[in-house]
Each structure stands twice: as C-alpha cells, then as structure tokens.
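# Okay, structure incoming, though there's no sequence with it:
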C-alpha cells in the first residue's frame, strides 16, 4: 500500500512518514500545494493524508481539482481547522475522512487502514482467501491460523494482492502501490519478491499470467 | 421651541411636524375668522345705519308745514315693518317732547303712547318698548315755514343685526373648521410623503435585522444619504471584523496546533511512564487553545449583524458529514427539518452548535441519530436525539456544568457541550436535556427564529 502525505510542517511530516512507514506503507511526501496536486495526479496512491493550510495552493482546492479530474483516491484531511463549517466544506469537497490536529497517531493509522479497505470493497479488517488470513488492523498475515513472518515490503505486496484477490495485477500496478517514488522501476525486483512470497504462502497461491501479471486465488 | 417639541413628541417626527403646522395654522385661522366676523358686524351696522338715514331723508322729504303752521306728511315710508305694532322698526317726528307723527308700529300717538325714544342726536343704542334693544338715529331739522326745530327719529331693532351676525358667525366657524381639518389632513399626507424615505429606511433596516437584506439601498435623498452610507459602512466593518477574527483564529490554530501535534507524538514515543505528566500538560494547553479559538470564531448576535441562517441545509450538511466521519459505525443519521426555518444569527455559529450536538449524539448512539427542528412562536426548537444509553435526569445538570465530562472514555464530550452552551447563551437561547423516545438522550436547543 502506498500513501501520499501532504504536510507543510517538516517536523510533523517526518513524524507522520515514520509512523505510516512503520505500519507497513510505502510513503511519498509533498510540502506545498502545487507539488501535492501534481504528484497526486500523476502517481497512483491507495490513500492521501492532506493538510489544508498549504503554501501556494490550498488543500481544499487540490482536493477539488483531483475530484474534478476523476481521481477517486481516498483522502483523509488532517488539519488545524476544527470548526464544523470547515469540516462540512472539506467533506463536501470529496474528502473521505476528517481529523483535526492535534491528533493521536494510532487514530490516523486506524482511519487510513479503514479508508483503504473500504476503497477496495472490503468491509471488515479481516480478509480471508483460502488458507490465508490478512488482519489489516494488526498488519499481519496468517497461514492456517499461524502468523507468517514478513518484511514490510512482503506484507505490502501480500496485503495488496489479497485485497485485489481474483483480479489480475500487473507488475506496474504492483510497483506503483508498494514502492515509493524513490524506487527505480525494475521489474526483476517484483519477480524476486513474488518468489519469496510463494515460498512463505504456498506455491499455488499466486499464479503468473504471462504478459499480464499475477493473480492471487484460493 | 425645538426643546419643547422634543419633550412633547420624542417618538414621532410626523407628530412633531404636524404640531409645528398646527401651532401657526390654528391661530391664523382663528384670527382670520374673528376679523371676518368683525368686519361683517360693522358691515351690518353700516347697512342698518344707511337704511335709517334713508328713511329719515324720506320722512324729511314728506314733511311739509301747512298754511296754518301744522306739520303734515304727504306720504309715509311704505316699508310694512313700520306698520306692524312693536315690530322694532319705528319712526317718530317730534317738536320738543311732543310727538307730532309716528309710525303705526309705535301705536297711536296721544297720551299714554310710546314716548320719544331718544333725544340724543346721532346714532345710539337704547332699550325700547318691551326692553328690546334698538338702534336709533335722531336728528334735529328745521322745515321752511316752521317755528321750532323738529326731531326726526328712525329706529331699527338690534336683534335683527344680532341674528344675522349669529348666522354668519356659525357659517364662518363651520367654514374655518372644515378648512382647518382639510389643512391638517393635507399636512399629514404631505409629511407622510416627505418622510417616506425614512419609512423606507425603517423597512430596510427591518429586512437587515431579519437577515433578508445585507445592505441599505442606494436611492436615498441627500439629507439622509450620509446616515445610510454610514450604516452600510458599519455593517461592512462588522462583517470584516468577524472575517478577520476568523482568519486570524485560523492562522493561530495552524501555528499552534502543528507544534502541539509534534509534541504529542514525541511525548507518546517516550512511553507511558515518562510521558504521562507531559501528555497531560499538552492536553491542558490544547483544550485551552481550542476553547479560546472557538470563542474568537464565535460571531454572537452583535457581530452576526442580524443574519439569517437556514436550518435545513446546515442539518443536511452535518448529517452527510457525520455519515462519512462515522461510516464504520453504520449509523442512520437523519434530519427532518420544516422548510423555510431560519435562525436569526450567524451560520457558522449555528453549524458549531448543531455540529457538536450531533457529533456527541453519534459518539453515543447505537444505531440512529435524528435531527428535528420546528418553529414555536419566536423560537426555533432544534432537537438532536440518539438511541444510546441516555443520561439519568439527576446527572444532567452536571453534564451541562462547565467543562465537566460525565464519562472520560468518549473524548470531547465536555468541550463540545461547553461551547454549545456558550453560543446559546450569547443568543439568549436555551439548552435542555431530555429523554428521547428510544431511551437515548434528547438535546433541545431553543434559538431566536428569523
């Protein structure tokens, strides 16, 4: 899962990135409105944490533009503006959640997790595919009830494939959703990663569709 | 004069102008009436006198001295009033005290008859037969061939003049009364017409008060245009002050809350044991800052400039927003608001009150939150109900008390209700807790209606 954090306060941005990375997400950041709009429109993210009081372009204007351009990525507004008029304005602009500062990091993580899940059409934090169980609240994967030890990257890929279960997921899509921008696109890395997962989850769980991508099936 | 009118008619320009018109118009009308009355009186008297003189000339012309020295009248005045006994119209011709001839109205001459009415030459008014006031013209005349001077006297009754005068007086009075009424009515309409811009002004201020207008119109006469401009400028200034306060509050919130967030997370990283005292301090600061910023943002009735805020759109916005914020809870959040219902106050204040109440309701609700509003006289009653555990009647006062939370597990319920109570008090509204039909809490908010 890949997130975009738009926050102009450098210290807060650092803390948010660290917490979100710790929860197993790939993270990109932006500190001003123009950058945020551009990067959000060109890259694909599973969710965005958006501050409103931004230099150059206001957060709400960015959100409005994204929605007008057909971008449906879940957006969580994280702002110091706590009046109900502002909350209503933000949510009417197309935000999917609204949290006011100061905030608890756990709350942000829980809400981001729920946003992503809901966007993928999953209503509970637990996703089961055959013998595999994904617990998005704990960031853990179980095989036959036993926890499977994983690196953050492996977890991100497993979680993404389980949420898109039954669908063909291309290599490009995988790189877009599990790596952040600093990653140099090289498809071999994905193949290596898929092979490592097959060892941990079972050979037949992930099948390769030549020229198309991968499918996770029970 | 000004001070006197000010004291007499402090509340009405119209009455003031009417009184000013009446102050000169009534004496002028009365004086004119009196002058007319007096001139008519003197006209009547002159006319009677002319009549008397004419009759006297006629008598003199008819009088002749015979060869035997006796006074003889060749004819008598034909006026029938001289023939009717005691009609008040008399003529007499006397030599010394002896009446030689007199009109038939004075009765036959001779002993015991009417004496000579006056011996004073000229015109006099004296009581005649039956005590009736007479106007008498008596003159001395010598006829050719006569030995002694004669007194020729003609009299007319005064009450005839009086009756005519009385009649005329009534006419004058009626005419001038009607004239006065017509005049005052004209003045009334004229004043109303002249003061119409003021009436317009009052109507527009009423419209601003009830939030149907933002500014006074442009088309006012030069005399009050400066006042109108000043009022408009004041309205703008109030609005700018509020906007600026809200903008500053927003900036301040941004400037304070980011560092507070950073601190919160750094403290959380320290662990429960080391971080707890600092976390508590940061929470205190946060709560204080939020309370002050919310207060700065609050417009209140004085700064709202008598705004009008529709209830229904705000409730629907809140239902939509809370539906998203509490999406995981699957609450049925509904708003059933009578159409055209409006609050006489600032829209952000209203959103803040209802938002906090509805947010609290969502925190406690099991499955449903309902917002209703209806008008009760001058008041809009908005109610927010949840189907949660409710609050026991005995504990409700404590919940409404400043900054107290009944249950610390659900964050924000203390401050939320606090700010609602503060705003409600500013608008002289009422906040009450009751039981919902579902057993949950019902919070009622009475606000001034627009």
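Thanks, I have it. Computed from a prediction, not measured in an experiment: that's the story for all the values here.

# Can you report how many residues neighbour the closest residue to residue B:416 other than its chain neighbours?
Once flanking residues are discounted, residue B:416 sits nearest to residue B:356: 3.9 Å by C-beta to C-beta, 6 or more residues apart in numbering or on different chains. Every C-beta, even on glycine, is put in place using the N, C-alpha and C of the backbone. By the measure other C-beta atoms under 10 Å in any protein chain shown, the count of residues near residue B:356 is 25.

# I'd assumed residue B:423 was in contact with residue B:356.
No - using C-beta atoms under 8 Å, residue B:356 is not in contact with residue B:423; the gap is 9.1 Å.

# who's in contact with the residue nearest to residue B:416?
Applying C-beta atoms under 8 Å, 6 or more residues apart in numbering or on different chains to residue B:356 gives the contacts A:84, B:416-417, B:419-420.

# Now do the phi/psi pair for it.
phi -60, psi -40 (degrees, to the nearest 10).

# Which of the contacts of residue B:356 scores worst on pLDDT?
Lowest pLDDT of those: residue B:416, 75.

# Which is the succeeding secondary structure element to the helix or strand harbouring it?
With secondary structure defined by DSSP states H and E, residue B:416 is part of helix B:413-426. Downstream of helix B:413-426, the next assigned helix or strand under DSSP H and E is strand B:430-435.

# So which residues on chain A come close to chain B?
A:9, A:11-12, A:15, A:19, A:53, A:80-85, A:87-88, A:91-92, A:95-98, A:100-105, A:114, A:118 (C-beta under 8 Å from any C-beta of the partner chain).

# The same query, at a cut-off of 7 Å, please.
A:9, A:11-12, A:15, A:53, A:80-85, A:87-88, A:91-92, A:96-98, A:101-103, A:105, A:114 (C-beta under 7 Å from any C-beta of the partner chain).

# In helices only, show me these.
A:11-12, A:15, A:84-85, A:87-88, A:91-92, A:105, A:114 (DSSP state H).

# before we move on, the earlier item: just the buried ones out of the residues of chain A next to chain B, please.
A:9, A:12, A:15, A:53, A:80-85, A:87-88, A:91, A:96-98, A:101-103, A:105, A:114 (16 or more other C-beta atoms under 10 Å in any protein chain shown).

# need the contact list for whichever residue of chain A sits closest to chain B.
Taking C-beta to the nearest C-beta as the measure, chain A has residue A:84 as its residue closest to chain B, at 2.9 Å. Shown in contact with residue A:84 (C-beta atoms under 7 Å, 6 or more residues apart in numbering or on different chains): B:318, B:351-352, B:355.

# so which of these is the most crowded?
Neighbour-wise, these (other C-beta under 10 Å) top out at residue B:318, 27 neighbours.

# Over to it. Which of the three states is it?
helix (DSSP: H, G, I helix; E, B strand; the rest coil).

# about what we covered before: would you point out the most distant pair within the contacts of residue B:356?
A:84 and B:417 (14.1 Å; C-beta to C-beta).

# Spatially nearest residue to residue B:446 (excluding sequence neighbours)?
In space, residue B:446 is closest to residue B:430, 4.0 Å off (C-beta to C-beta, 6+ apart).

# Quick check: the one you found touching residue B:448?
No - counting by C-beta atoms under 7 Å, residue B:430 stays clear of residue B:448, with 10.6 Å between them.

# Below-threshold pLDDT in chain A: ranges please.
A:182-187 (pLDDT under 70).

# All the helices of it, in order from the start?
Going by DSSP H, chain A shows helices at A:10-22, A:33-42, A:59-68, A:84-92, A:105-119, A:152-163, A:171-178, A:187-201.

# burial of residue 153, as a residue count?
All of this refers to chain A. 15.

# my bad, chain B
26.

# May I see the buried residues of the host helix or strand of residue B:99?
Assessed by DSSP H and E, residue B:99 sits inside strand B:98-102. For strand B:98-102, burial by neighbour count (16+ other C-beta under 10 Å) applies to B:99-102.

# What strands line up against it, and which way round?
strand B:90-95 (antiparallel) (DSSP bridges).

# Tell me, how many residues neighbour the spatially closest residue to residue A:110 that is not a sequence neighbour?
Sequence neighbours aside, residue A:137 is the residue nearest to residue A:110 in space, at 7.3 Å (criterion: C-beta to C-beta, 6+ apart). Neighbourhood size, residue A:137 [other C-beta under 10 Å]: 13.

# for the residue of chain A positioned farthest from its centre, what are its contacts?
For chain A, the residue at maximal distance from the C-alpha centroid (C-alpha atoms, centre = their mean) is residue A:85, at 28.3 Å. Shown in contact with residue A:85 (C-beta under 7 Å, 6+ apart): B:348, B:351.

# what do you get for the one 5 residues further on?
Going by C-beta under 7 Å, 6+ apart, residue A:90 touches A:52, A:60, A:77, A:98.

# And for residue A:131?
A:143-144.

# repeat that for 10 Å
Shown in contact with residue A:131 (C-beta atoms under 10 Å, 6 or more residues apart in numbering or on different chains): A:142-146, A:201-202, A:205, A:218.

# got it, and residue B:344?
B:209-211, B:301, B:304, B:306-309, B:378, B:380, B:427, B:447-450.

# least confident pick among those?
Within the contacts of residue B:344, pLDDT is lowest for residue B:304, at 57.

# any idea which of the contacts of residue A:131 has the most stuff around it?
residue A:201 (23 neighbours).

# tell me the mean pLDDT over stretch B:347-359?
Per-residue scores along stretch B:347-359 average to 94.

# Distance across stretch B:95-106, terminal residue to terminal residue?
One end of stretch B:95-106 to the other measures 17 Å (C-alpha to C-alpha, to the nearest Å).

# thinking again about what came up before, could the buried residues of strand B:98-102 be laid out in JSON lines, adding pLDDT?
Supplementary listing: those in JSON lines, determined by pLDDT from 0 to 100:
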{"residue": "B:99", "pLDDT": "83"}
{"residue": "B:100", "pLDDT": "84"}
{"residue": "B:101", "pLDDT": "86"}
{"residue": "B:102", "pLDDT": "86"}
